[in-house]
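Asks: sequence? don't have it. structure:
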């Protein structure tokens, strides 16, 4: 069973499984774990993902047995979480840095929608407060084309 947390993300995988990732633990430190709850068996399992960056305030989706973690924050100055792709069957993972654009500055506390047909994720809202530049809100929707990333075959 995963440790207590908040600011995590959860999404469905098949009809009876839910994947829980990241979050802030009881000590308010970012968590890098991935757990799967099987409702049919009422059982938790942890997926070992040794190269995953810890993150919280991110979103997640499953496409073709791959968990996609989008954005979030962590306590490390660099690298900041971009997009992680995790094979839920093997634990293989890849962290992909996303370019900062005028349309999308902070991938924190946002919402996202997976369009499986077009293999894209649409990001809505989000933003945050930073001591360096103040409060920022993402002003428009933004799409990430997953087929351009190449880990979904």
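Replies: Everything's here; your move. Everything numeric here is computed off the predicted structure, so don't read it as measured data. Numbers count the residues shown, from 1 in each chain.
Asks: The lowest-mean-pLDDT helix or strand in the chain pairs with which strands, parallel or anti?
Replies: None of the helices or strands of the chain scores lower by mean pLDDT, DSSP states H and E than strand 127-130, at a mean of 76. Using DSSP bridges, strand 127-130 pairs in its sheet with strand 134-137 (antiparallel).
Asks: Which SSE is immediately downstream of the partner strand?
Replies: strand 142-145 (DSSP states H and E).
Asks: counting contacts, what elements does that following strand pack onto?
Replies: strand 120-124 (3 or more CB pairs under 8 Å, 6 or more residues apart in numbering; DSSP states H and E). All C-beta spots, glycine's among them, are computed from the backbone N, C-alpha and C.
Asks: Which neighbours in the sheet does the strand it packs on have, and how are they oriented?
Replies: Under the criterion DSSP bridges, strand 120-124 sits next to strand 111-115 (antiparallel), strand 142-145 (antiparallel) in its sheet.
Asks: Just give me how far the longest one sits from the chain centre.
Replies: The reference is to strand 111-115. With CA atoms, centre = their mean, to the nearest Å as the basis, strand 111-115 stands 11 Å off its chain's centre.
Asks: cool, and stretch 61-70?
Replies: Per CA atoms, centre = their mean, the centroid offset for stretch 61-70 relative to its chain is 8 Å.
Asks: Could you number the chain from 12 rather than 1 from now on?
Replies: Sure, I'll start counting at 12 from here, so that last one is stretch 72-81.
Asks: mind listing what's buried in the least confident helix or strand of the chain?
Replies: 138, 139 (16 or more other CB atoms under 10 Å).
Asks: Point out where this structure drops to low pLDDT.
Replies: 88-90, 111-116, 143-144, 161-164 (pLDDT under 70).
Asks: Please, which helix or strand holds the residue located most distally from the centre of it?
Replies: The centre of the chain is farthest from one residue, residue 52, which by CA atoms, centre = their mean lies 25.3 Å away. Applying DSSP H and E as the criterion places residue 52 outside every helix and strand.
Asks: can you list the strands paired with strand 131-135 in a markdown table and add distance to residue 14 and mean neighbour count?
Replies: As requested, the strands paired with strand 131-135 are exported to a markdown table (distance: least, CB to CB, whole Å; neighbours: other CB atoms under 10 Å):
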| stretch | distance to residue 14 | mean neighbour count |
| --- | --- | --- |
| strand 122-126 | 25 | 16 |
| strand 153-156 | 30 | 16 |
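Asks: I'm done for today, thanks for sticking with me.
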